[in-house]
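Colleague: model this:
(one chain, ligands or ions: 3)
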Amino acid sequence: MKYMSKVSGLWSLYFQFLFLTLILLCSLNSVLSRKTSSFARSEYPSVDIPLDNEVFAVPKGYNAPQQVHITQGDYDGKAVIISWVTTEQPGSSKVFYGDVEGTYDRSAEGKTTNYTYYKYQSGYIHHCVIDGLEYEKKYYYKIGTGDSAREFWFQTPPKIDPDTPYIFGIIGDLGQTYNSLSTFEHYLQSGAQSVLYLGDLSYADRYEHFDGVRWDSWGRFIERSAAYQPWIWSAGNHEIEYAPHLGEFITFKQFLHRYQRPHIASKSSSPLWYAIRRASAHIIVLSSYSPFVKYTPQWLWLYNELKRVDREKTPWLIIIMHAPIYNSNEAHYMEGESIRAVFESWFVHYKVDLVFAGHVHAYERSYRISNIKYNVTSGARYPLPDKSAPVYITVGDGGNQEGLAGRFLDPQPDYSAFREASYGHSTLELKNRTHALYRWNRNDDGNPVTVDHVVFYNQYWASNRRRRRLKKYHSSLNDMSYIVTY
Ligand SMILES: *[C@@H]1O[C@H](CO)[C@@H](O)[C@H](O)[C@H]1NC(C)=O
Ligand SMILES: *[C@@H]1O[C@H](CO)[C@@H](O)[C@H](O)[C@H]1NC(C)=O
Ligand SMILES: [Fe+2]
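Modeller: Ligands and ions are numbered 1, 2, ... in the order given. Next comes the predicted model:
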């Protein structure tokens, strides 16, 4: 008996231990669900690839078109803007195109521009809009003349429809190093149909006199993708290139000469902020480096554009900009705070699905949180879980020469779900009006490896309650269009 009670005593101790462990594990679990990946891998040195490398090869032939790239040319995806550069002489700005390979039965006339930046003299930059295209069709196009002519193709998106599947790639802060090349090659294998580009393109401003030669090499670097599918551009700080010491006072000069946007189609007065609709998505591009406070052109434009969003037609509401709003990296910490203070309540009220940003050279994904109750007087200041809020994702890890942002705030804040300082890119597969499959793919010693993997439920279609609230919010808004003059 005595022996037995000793045993049962041991058993009860054992159970108590088990029970305590369970409690401990449960409480740990909420901590563990925030993840800071400690993955470390060999990376290429953060130096730009030399100009004579084949990735920057100049196409053969006199005055051959180079740096060919396309972007969406209208609001709904039935137009494309085709751009390229010629160097010896202006040459033709005409695009020949058609829907049968080698038969170019249509043509469109573009325009040519050129600029100087300090001592750099640009080539002849051509932009040509081709419109009235049919949805979901492959088009072939030819630019340049004679032996130097070059041929490419692209596929138009499906028509605007809430359930049409579509795959976006997401790349930020790419630059032109060996790490950039690794990211770019992985992106080429991804099967994505167009790129949401999160700003900071060539990093030419890291060179003496902000050398335009590195804008040219970057244009040739991305041509393998950008000539065949649209890249949707947002502006980063490396595009500002404000250099009074060089006598260069016009901001975004090189960027805006080279990369076009269909901003007029969304009634924007500037190519730095605009919107497009593509398949089942409404994409809003914001500029972190243009005025955005109340009553500025960007603020007024966004106020009106959000009212135009029709979730019955385009359920996926996605915003891209350069500086992240929620970021727990020591690099650029809180640089997005000013834009958060202005726009976050709209993001929550309009049930934005996802906000993508770059700028911080690492990867991070937030939970659905908001800080719209922030009050400078009462002291309320912590972001709180909020089912109506977007998920904020930072994909600033394209691989440019500034290297990785390896130091995260410790401990990881509650709003941060996953973070890792590695290079890579993301893909977003919109399946239908309710489901989207999202992946972040790390460059892992030459292979793309999916590390962060999430199914997103649409913020409008996944909840009847939120749908009703959005409709109510819509009808409560004033008409501010009278302030806007286009
Ligand atoms: C543009 O090109 C023309 C023709 O070569 C040249 O005369 C002109 O100076 C250039 N303009 C700028 C702003 O570089
Ligand atoms: C939407 O896509 C998801 C994932 O592919 C699928 O499970 C779901 O049944 C689809 N819903 C509809 C309404 O088709
Ligand atoms: Fe940046």
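Colleague: Hmm, residue 285 is touching residue 318, no?
Modeller: No. Assessed by Cβ atoms under 8 Å, residue 285 is found out of contact with residue 318, at 9.7 Å. Yep, even glycine has a C-beta here, placed from its N, CA and C like the rest.
Colleague: Which one's more surrounded, those two?
Modeller: It is residue 285, of residue 285 and residue 318, that has more neighbours when counted by other Cβ atoms under 10 Å, with 27 against 23.
Colleague: ok now do the closest residue to ligand 3 within the chain, which residues does it touch?
Modeller: Of all residues in the chain, the one sitting closest to ligand 3 is residue 359 (3.9 Å; Cβ to the ion). For residue 359, the contacting residues are 172-173, 198-200, 236-237, 288, 322-324, 332, 335, 394, 396, by Cβ atoms under 8 Å, 6 or more residues apart in numbering.
Colleague: how does it look with 6 Å?
Modeller: 322, 323, 332, 396 (Cβ atoms under 6 Å, 6 or more residues apart in numbering).
Colleague: now do residue 317
Modeller: Going by Cβ under 6 Å, 6+ apart, the list of residues near residue 317 reads 282, 309, 352, 353.
Colleague: Run a quick neighbour tally on the residue nearest to residue 189 when sequence neighbours are not counted.
Modeller: Using Cβ to Cβ, 6 or more residues apart in numbering and skipping residues adjacent in sequence, the residue nearest residue 189 is residue 448, 6.7 Å away. Using other Cβ under 10 Å, residue 448 has 20 other residues around it.
Colleague: For beta bridges, what are the partners of residue 448?
Modeller: Beta bridges link residue 448 to residue 443 when assigned by DSSP bridges.
Colleague: Turn the contacts of residue 317 into CSV, including pLDDT, secondary structure and neighbour count.
Modeller: Shown next, in CSV, are the contacts of residue 317 (pLDDT from 0 to 100; DSSP: H, G, I helix; E, B strand; the rest coil; neighbours: other Cβ atoms under 10 Å):
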residue, pLDDT, secondary structure, neighbour count
282, 98, strand, 26
309, 97, coil, 20
352, 98, coil, 26
353, 98, coil, 26
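Colleague: which one of those sits closest to ligand 1?
Modeller: residue 282 (37.0 Å; Cβ to the nearest ligand atom).
Colleague: correct me, but the closest one touches residue 309?
Modeller: Yes. Counting by Cβ atoms under 6 Å, residue 282 touches residue 309, with 5.0 Å between them.
Colleague: now the contacts of residue 359 as CSV including secondary structure and neighbour count?
Modeller: Formatted as CSV, these follow (DSSP: H, G, I helix; E, B strand; the rest coil; neighbours: other Cβ atoms under 10 Å):
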residue, secondary structure, neighbour count
322, coil, 30
323, coil, 27
332, coil, 19
396, coil, 33
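Colleague: can you list the residues of the stretch 251-400 of the chain near ligand 3?
Modeller: Within the stretch 251-400 of the chain, the positions lying close to ligand 3 (Cβ under 5 Å from the ion) are residue 359.
Colleague: which residues of the stretch 251-400 of the chain fall in helices?
Modeller: Using DSSP state H, counting those that start in this stretch, the helices of the stretch 251-400 of the chain run over 253-258, 297-308, 337-349.
Colleague: Go through those and name the closest to residue 426.
Modeller: With Cβ to Cβ as the measure, helix 337-349 is the member of the helices of the stretch 251-400 of the chain nearest residue 426 (19.2 Å).
Colleague: Now do that closest one against helix 297-308, angle only.
Modeller: 10 degrees (axes from the mean of the first three to the mean of the last three Cα atoms, to 10 degrees).
Colleague: Quick check: buried residues in helix 337-349?
Modeller: 339, 340, 343, 344, 346, 347, 348, 349 (16 or more other Cβ atoms under 10 Å).
Colleague: Which two among those are spaced furthest apart?
Modeller: 339 and 349 (16.1 Å).
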